[in-house]
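> Show me how the following folds:
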Amino acid sequence: MIWSLARRAVLFELRIYRSLLRWIFRRPDVRGDGVEPFGYAQLVTPVLCLWIFGSATETVVLHFLLPWEGIRLVADILGIWGLLWMLGFLAGMRAYPHLLTPPALRVRHGGNVDLVLPWDAVESVTAVRKELPSSLKTLRETDDELHVAVNNETNVRVALRRPTVVRTPKGEREVVAVSFFADDPRALVARAKEHLAAAAPTA
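Numbers count the residues shown, from 1 in each chain. A predicted model of the protein is given here:
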């Protein structure tokens, strides 16, 4: 149990820095023919930018205010780590958008969440706004439904034709629906319906 938690924490940290590198070098994870990206960072970007600015300011101020060299060094390291972490978190939301691909819809959040939903398993995609209870968790599960929330909110719901196994950071889960947040839910739903029509079996 402890080893599993430690492993997930290390992987999450490494993905944060990988996201930051992708963002710096402008290489978002959008590959393949017919792939359409849809963002989900617009709602939280202003808040994250304020946190990043505040963290950077605090780190500089503490460096000059603390009179003890050892404590100042520790504060500098923690401040820089926190700043990089927040930058990487925002970078992940930019570098790993949701993807509509010919074979599947990929619901993502940073480099940590990537739920692959094949079109032949999807019953419907609708724009439905839902507020979830306040939590720091991005990925949540209720009654066989997964929620990939941004700021405790989702606005797109994917109903599945049958219970479908998806891979999550915590292992495989069998779900009947997935809800998530998109900056432009109407556009995403419209394009998703076109993919569903194209994937529908012909008589």
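
> What distance do you get for residue 114 to residue 75?
With distances defined as C-beta to C-beta, to the nearest Å, the gap from residue 114 to residue 75 amounts to 36 Å. In short, each C-beta sits where N, CA and C put it, glycine included.

> Kindly report the same for residue 49.
As defined by C-beta to C-beta, residue 49 lies at a distance of 23 Å from residue 75.

> Comparing the two, which shows the higher neighbour count?
For residue 49 and residue 75, the more surrounded residue by other C-beta atoms under 10 Å is residue 75, and the numbers stand at 17 against 13.

> pull the longest helix from this structure.
The single longest helix within the chain, with elements called by DSSP state H, is helix 69-95.

> Tell me the helix or strand right after that helix.
Sequence-wise, the next helix or strand downstream of helix 69-95 (DSSP states H and E) is strand 98-100.

> Partner strands of that next one, with direction?
Paired neighbours of strand 98-100 in the sheet (DSSP bridges): strand 36-38 (antiparallel), strand 104-109 (antiparallel).

> Can you say which of these is packed in most?
strand 104-109 (a mean of 22; mean count of other C-beta atoms under 10 Å).

> angle of it against helix 69-95?
For the pair strand 104-109 and helix 69-95, the angle between their directions (axes from the mean of the first three to the mean of the last three C-alpha atoms, to 10 degrees) equals 160 degrees.

> do you know how far the residue lying closest to residue 187 once chain neighbours are set aside is from residue 145?
The shortest distance from residue 187 to any residue other than its chain neighbours is 7.3 Å, reached at residue 38 (C-beta to C-beta, 6 or more residues apart in numbering). Look at residue 38 and residue 145: by C-beta to C-beta, they are 20 Å apart.

> tell me the angle the longest strand along the chain makes with strand 104-109.
Longest strand in the chain, counting residues (DSSP state E): strand 153-168. With the same axes, to 10 degrees defining the directions, strand 153-168 sits at 110 degrees from strand 104-109.

> Looking at the strands paired with strand 98-100, which is nearest to residue 59?
Closest approach to residue 59 among the strands paired with strand 98-100 is made by strand 104-109 (26.8 Å; C-beta to C-beta).

> Packing partners of the longest strand of the chain?
Packed against strand 153-168, as judged by 3 or more C-beta pairs under 8 Å, 6 or more residues apart in numbering; DSSP states H and E, are the following elements: strand 113-118, strand 122-131, strand 145-148, strand 171-180, helix 185-199.

> Can you check what angle separates the longest helix of the chain from strand 113-118?
Following the same axes, to 10 degrees, one obtains 10 degrees for the angle between helix 69-95 and strand 113-118.

> Now residue 199. Nearest residue, chain neighbours left out?
Distances taken as C-beta to C-beta, 6+ apart put residue 119 closest to residue 199, at 3.8 Å, once the chain neighbours are dropped.

> dump the residue contacts of that neighbour.
By C-beta atoms under 8 Å, 6 or more residues apart in numbering, the contact set of residue 119 is 103-105, 195-196, 198-199.

> Would you format these as CSV with pLDDT included?
Formatted as CSV, the entries for these read as follows, by pLDDT from 0 to 100:
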residue, pLDDT
103, 95
104, 96
105, 97
195, 94
196, 94
198, 87
199, 80
